[in-house]
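I'll drop the sequence and a predicted model, then ask my questions.
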Amino acid sequence: MRGSSSYGDRDRDRGRDRGPRFGSSRVAPPPPKKFGNPGDRLRKKKWDLDQLPKFEKNFYSEHPEVHHMSQYDVEEYRRKREITVRGSGCPKPVTNFHQAQFPQYVMDVLLQQNFKEPTAIQAQGFPLALSGRDMVGIAQTGSGKTLAYLLPAIVHINHQPYLERGDGPICLVLAPTRELAQQVQQVAYAYGKSSRIKSTCVYGGAPKGPQIRDLERGVETCIATPGRLIDFLEAGKTNLRRCTYLVLDEADRMLDMGFEPQIRKIPDRQTLMWSATWPKEVRQLAEDFLHDYVQINIGALELSANHNILQIVDVCMENEKDNKLIQLMEEIMAEKENKTIIFVETKKRCDELTRRMRRDGWPAMCIHGDKSQPERDWVLSEFRSGKAPILIATDVASRGLDVEDIKFVINYDYPNSSEDYVHRIGRTARSTNKGTAYTFFTPGNLRQARDLVRVLEEARQAINLKLLQLVDTGRGGGGGESFKMSYSWSAHTYNTASIQNSIQSLAKWNRTLRLCLSKIVTGNKLPVTDRKKQLGQQHILTLKQTTKQQH
């Protein structure tokens, strides 16, 4: 398969894409504009689709065990794993890794890492990706999405012609943040080294030289953030002529990063979009961008959070946050496992809060977009090792930060959208672990209240009555000022349906709540986990009293 003439012709044409190097009699291109959208300076390539070779993308052979699954078996498996499929021609899920029929060297790595069976997104995603179909995968954080697209990518790459000099990558993975790109690269290296598939990671904030050298030597897999990739494409340091397997990881953060026009220039490709949420903007992108795609949802079809996360919302005023944070951190740091991320809105607040906490003796460090890559790497290393168990961050760390033992997430500032809220709290309870998310919610966040209640209801969480009051205040058009007037909990008409839902969701805690109540009566000091249960008991009593009054 090496040395396809068509690929060679495209390789000889690369001068037209890359521009002159060193001296040349050709007229130099106009200087770049100082301002403009990313990718504006990329040259447009007119492809002759009749001249391009057809590339193979369907490598899936249904395993006999899968073939013999009845339609009832398939539907029952999907129901138990909360798999919802939209689109035609979706293959049956695989229930074991060997049914996907990956190469033996891939199976060896899976065995070394002690994976027993595929996760839900992998079970349905493997056969779909191996079939060459465009797809959308929606699953909560920590669900195994990375392997769901990287293992089929290895099979795809191994069936393509060898790279020639000047060829760009075959597999391109786009990620919104440096941290996510680096983590994907680690997985790609672990599974690709045994097959001699070369990969590199291209992102801003790091020296360009080593990244350019990797690209010029030739890599089959490139994991990149859009900004740095577009820089290299504009400079002619790489190209997308050979890119036939495209992955958009965390697609809902990629819309404003300048990648869309350039990717549209790829004449033929298999595209896989992955995310934990699926807002309407990205749905429209999928309709425009993907061809005859299949959508896989794991869990609820609406916006949903990981059900292994206990979500506690504290409705308060802005000037109360600092005292509440200190009280909360005193309780958290008394726990044996206390690794915590605190999310704030701005870089300035991130630095200021870190300084205040360190001045008061808390082992806190911070990370945000103005930090250099070496500094970010060092901070994350200190956080992972536990030397600095408190990480204060802007949303730069809300995606792709994969640290297994984060037990607590604190939203000091509520994010701009419920999608970002779901991603933030998803930093805890990775895989099958459990975690806790605390959120300070102020009258300034009024517009987000209704969406937050929906997320809490879907996850069957206890809902703070003050939050329900805030929703009703917003519905009445009173805004934050009306909330301030009723903040002392004067008589208020609550949404009865929401109250009943809260009572039903809290009833499941009954046994542990009784034990907690006995501790309260005897005056025992409660650890932080029992305080959560105490809070739930207080919610139940208040809710029942309120419901009686209304009836």
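Noted; the coordinates are in hand.

Strands of the stretch 151-300 of the chain, start to end?
For the stretch 151-300 of the chain, applying DSSP state E, counting those that start in this stretch gives strands covering 171-174, 199-202, 221-224, 245-249, 270-275, 294-298.

Could I get those in a markdown table, plus columns for distance to D360?
Any C-beta I mention is one placed from the backbone N, CA and C, and that applies to glycine too. Shown next, in a markdown table, are the strands of the stretch 151-300 of the chain (distance: least, CB to CB, whole Å):
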| stretch | distance to D360 |
| --- | --- |
| strand 171-174 | 41 |
| strand 199-202 | 37 |
| strand 221-224 | 39 |
| strand 245-249 | 38 |
| strand 270-275 | 38 |
| strand 294-298 | 42 |
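
Looking at these, spot the one closest to T119.
strand 294-298 (8.2 Å; CB to CB).

which element follows the closest one toward the C-terminus?
Sequence-wise, the next helix or strand downstream of strand 294-298 (DSSP states H and E) is strand 309-315.

Show me the contact partners of stretch 90-107.
60-63, 65-66, 69, 74, 77-78, 81, 83, 110, 115, 117-118, 123-124, 126-128, 130-131, 133, 151, 154-155, 158, 191, 194-195, 294, 296 (CB atoms under 8 Å, 6 or more residues apart in numbering).

So how do I select the buried members of those residues in PyMOL?
The buried subset of these, as determined by 16 or more other CB atoms under 10 Å, is captured in PyMOL by this line:
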select buried, resi 60+62+63+66+69+74+77+78+81+83+110+118+123+124+126+127+128+130+131+133+151+154+155+191+195+294+296
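
What are the phi and psi values at the nearest residue to Y191 once chain neighbours are set aside?
Nearest non-adjacent residue to Y191, counting by CB to CB, 6 or more residues apart in numbering: V109, 5.4 Å away. The phi/psi pair for V109 (degrees, to the nearest 10) reads phi -70, psi -40.

Just list the residues touching V109, thanks.
A190, Y191, S194.

Could you report the neighbour count for K387?
The local packing of K387 (other CB atoms under 10 Å) involves 10 other residues.

for stretch 212-230, how far is the first residue from the last?
Using CA to CA, to the nearest Å, one end of stretch 212-230 lies 13 Å from the other.

Dihedrals phi and psi, Q99?
phi -70, psi -20.

Next one: it, what pLDDT does it get?
With respect to pLDDT, Q99 scores 97.

ok, now how distant is it from E335?
Distance, Q99 to E335, by CB to CB, to the nearest Å: 41 Å.

of these two, who's got more company?
Q99 (21 against 15).

can you pull the contacts of the closest residue to K371 other than its chain neighbours?
With sequence-adjacent residues excluded and distances taken as CB to CB, 6+ apart, K371 is closest to V379, at 7.2 Å. Residues in contact with V379, defined by CB under 8 Å, 6+ apart, are M365, C366, I367, K371, A388, L391.

So V379 belongs to a helix, correct?
Yes - V379 sits within a helix when classified using DSSP: H, G, I helix; E, B strand; the rest coil.

What distance do you get for it to D322?
For V379 relative to D322 (CB to CB), the value is 22 Å.

Show me which positions of stretch 92-111 end up buried.
92-95, 97, 99-102, 106-107, 109-110.

Isn't T428 up against Y438?
No - the pair T428 / Y438 is not scored as a contact, 10.6 Å apart, by CB atoms under 8 Å.

can I see the domain layout of the protein?
What the TED database lists as the domains of the chain is 49-298, 309-473.

Low-confidence ranges, the chain, go.
For the chain, the stretches flagged by pLDDT under 70 are 1-54, 253-267, 397-400, 475-551.

Nearest residue to S304 in space, please, no chain neighbours.
Nearest to S304 is E458, by CB to CB, 6+ apart, at 4.9 Å.

ok, that neighbour - contacts?
A300, E302, L303, S304, A305.

what about the strands in the stretch 351-500 of the chain?
364-367, 390-393, 408-411, 435-441.

Which among those strands is found nearest to G236?
Distance to G236, taken as CB to CB, is lowest for strand 364-367 among the strands of the stretch 351-500 of the chain, at 33.0 Å.

ok, residues contacting that closest one?
By CB under 8 Å, 6+ apart, the surrounding residues in contact with strand 364-367 are 342, 350-351, 353-354, 357-358, 376, 379-380, 382-383, 388, 390-394, 396-397.

now, which of these lie within helices?
The helices, defined by DSSP state H, take in C350, D351, L353, T354, M357, R358, R376, V379, L380, E382, F383 from those.

Could you give the number of residues near the closest residue to the fifth one other than its chain neighbours?
Translated: M357. Leaving aside its chain neighbours, M357 sits nearest to A364 (4.2 Å; criterion: CB to CB, 6+ apart). Counted by other CB under 10 Å, the residues lying close to A364 total 22.

Okay, and the beta partners of A364?
Counting by DSSP bridges, A364 forms beta bridges with I390.

List the residues that contact L401.
So, once contact is read as CB under 8 Å, 6+ apart, L401 ends up touching E179, L180, I341, L380, R427.

quick one, what contacts G125?
Taking CB under 8 Å, 6+ apart, we find G125 in contact with M135, G137, K145, A148, Y149, P152, I296.
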